[in-house]
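Visitor: Below: sequence and its predicted model.
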Amino acid sequence: MGRYILRRLLIAIPILFAITLIVFSIQQLSPGDPLNAYLPPDFAVPEAQKEAMRKQLGLDKPFLTRYGYWLKEAVQGNLGTSIRTHETVVHAISSRVGATLLLMGTALFVGTLLGVIFGVVAAVRQYSILDGFLTLFAFMGISTPVYLTGLLALYVFALRLGWFPAGGYSTPGQPFSVVDRIEHLILPAAIIAVNYIAQTMRYTRSAMLEVLGQDYVRTARAKGLNDRIVIARHAFRNALLPIVTLIGASIPALIGGAIFIESIFGWPGVGRLLLSGVEARDYPIIIGITFVLAIVTLVANLATDVVYAFVDPRIRLD
């Protein structure tokens, strides 16, 4: 196990290198002069001053030289300074990552729990009215974009019905309270979780139906075992592998959903920071967040592979 993890970590190094190189290349190919992001939009700057600033910022250097300097600093934990707010990228991300983890963690937990439960119920009650209703819910959840769901939920549940706050992380002017934080969390987390519930339910239903048709399940039932024991001990455990795969693969999708939802609800997380960085052409923020998200994705994939070995003892990680 230790050798496998070490090997995967070594493989992740060139992958991170390739990702950052691609992001730098996209920045290089983007239209316009990168120096304009550092200049006031309505202020005429003499050409000589522009050239001095370009030299000071290192924008006059070749592309590979600038990339090599950034990579050297990134390895040491320095991801640059935001053009827009002038705070370090590390501080900008660290100050907002807690809000994003709270939102994504809640959505992931709720989505996994309800998705697995609904999937098992749909498989056990195959072709029933309940199965049809859950299948319809899954198709609607998968096919509806998260930003559209977010806008509709914001209009209906926050603006029209007034059941939840219309946005933000807490109520302005009030001291922190767990109840207030939960009230602001429920609606955005539920919107992200809806799509995840639908995906998890479909995977769980398919995996359970395949396992329930195996000979060992029929044998267990023929021995007179309680149906709940057959489903929990024999069927569900062997259907966990594709579910674990889905959880690991859904981390990037959850991050993408968080970007839209944080913007719609004014949630002060990393996703909103990334979107504001794109709008302001804040290249250090864009590249820094992309670098961190790439690390998170690679770690999630590694964790998924390691969990395989605990879920299915037949799998060996050599």
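Guide: Yep, it's here.
Visitor: Model confidence score at the most centrally placed residue in the chain, please.
Guide: Centroid-nearest residue in the chain: Ile255, 2.2 Å away (criterion: C-alpha atoms, centre = their mean). On the pLDDT scale, Ile255 is placed at 77.
Visitor: Adjust the sequence numbering to begin at 19 for everything that follows.
Guide: All right, first residue 19 from here; so that's Ile273.
Visitor: Quick check: chain neighbours aside, which residue is closest to it?
Guide: Once flanking residues are discounted, Ile273 sits nearest to Leu311: 5.9 Å by C-beta to C-beta, 6 or more residues apart in numbering. (Glycine included, C-beta is placed from N, CA and C.)
Visitor: how near is that neighbour to Phe35?
Guide: 15 Å (C-beta to C-beta, to the nearest Å).
Visitor: Looking at the two now, which is surrounded by more residues?
Guide: When neighbours are counted by other C-beta atoms under 10 Å, Leu311 comes out ahead of the other of Leu311 and Phe35, with 19 against 11.
Visitor: surely that one meets Ala271?
Guide: No - assessed by C-beta atoms under 8 Å, Leu311 is found out of contact with Ala271, at 12.0 Å.
Visitor: Any stretches of this protein with poor pLDDT?
Guide: 19, 22, 49-63, 326-336 (pLDDT under 70).
Visitor: In it, what residue spans correspond to strands?
Guide: Counting by DSSP state E, one finds no strands in the chain.
Visitor: Helices of that one, residue ranges please.
Guide: 20-47, 65-75, 81-93, 107-142, 147-161, 164-171, 196-230, 233-240, 245-247, 255-256, 258-267, 269-283, 288-297, 301-329 (DSSP state H).
Visitor: who wins for proximity to Ile101 among these?
Guide: Closest of those to Ile101 is helix 301-329, at 6.5 Å (criterion: C-beta to C-beta).
Visitor: What helices and strands are in contact with that closest one?
Guide: helix 20-47, helix 107-142, helix 258-267, helix 269-283, helix 288-297 (3 or more C-beta pairs under 8 Å, 6 or more residues apart in numbering; DSSP states H and E).
Visitor: what about these, which gets the closest to Thr222?
Guide: Closest of the helices and strands packed on helix 301-329 to Thr222 is helix 107-142, at 2.5 Å (criterion: C-beta to C-beta).
Visitor: Okay, buried residues for that closest one please.
Guide: Within helix 107-142, the residues that count as buried by 16 or more other C-beta atoms under 10 Å are 107-108, 110-111, 114, 117-118, 120-122, 124-126, 128-130, 132-134, 136-142.
Visitor: From the structure, what's the count of residues near Gly180?
Guide: Look at Gly180: counted by other C-beta under 10 Å, it has 9 neighbours.
Visitor: cool, the one 4 residues further on as well?
Guide: A total of 15 residues lie near Ala184 under the criterion other C-beta under 10 Å.
Visitor: which parts of stretch 268-282 are buried?
Guide: By 16+ other C-beta under 10 Å, the buried positions in stretch 268-282 come out as Ser268, Ile269, Leu272, Ile273, Gly275, Ala276, Ile277, Phe278, Ile279, Glu280, Ser281, Ile282.
Visitor: Tell me the one among those nearest to Ala176.
Guide: Nearest to Ala176 among the buried residues of stretch 268-282 is Ile282, at 10.3 Å by C-beta to C-beta.
Visitor: contacting residues for the residue nearest to that closest one when sequence neighbours are not counted?
Guide: Leaving aside its chain neighbours, Ile282 sits nearest to Gly168 (4.5 Å; criterion: C-beta to C-beta, 6+ apart). Gly168 sits next to Pro206, Ile209, Phe278, Ile279, Ile282, Phe283 when contact means C-beta atoms under 8 Å, 6 or more residues apart in numbering.
Visitor: Same list, those, but as JSON lines with distance to Lys79 please.
Guide: Below are the contacts of Gly168 laid out as JSON lines (distance: C-beta to C-beta, whole Å):
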{"residue": "Pro206", "distance to Lys79": "42"}
{"residue": "Ile209", "distance to Lys79": "44"}
{"residue": "Phe278", "distance to Lys79": "36"}
{"residue": "Ile279", "distance to Lys79": "39"}
{"residue": "Ile282", "distance to Lys79": "39"}
{"residue": "Phe283", "distance to Lys79": "41"}
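Visitor: Quick check: of the residues you listed, which lies closest to Leu154?
Guide: Ile209 (18.6 Å).
Visitor: about what we covered before: nearest to Ala184, out of the helices of the chain?
Guide: Proximity to Ala184, assessed across these by C-beta to C-beta, is greatest for helix 269-283 (7.8 Å).
Visitor: In terms of secondary structure, what does that closest one contact?
Guide: Packing partners of helix 269-283 (3+ C-beta pairs under 8 Å, 6+ apart): helix 107-142, helix 164-171, helix 196-230, helix 288-297, helix 301-329.
Visitor: Would you pull up how far it lies from the middle of the chain?
Guide: The chain centroid and the centroid of helix 269-283 are separated by 7 Å under C-alpha atoms, centre = their mean, to the nearest Å.
Visitor: residues making contact with it?
Guide: Helix 269-283 has contacts (C-beta under 8 Å, 6+ apart) with 117-118, 121-122, 125-126, 164-165, 168-169, 172, 184-186, 205-206, 209-210, 213-214, 285-290, 292-293, 311, 314-315, 318.
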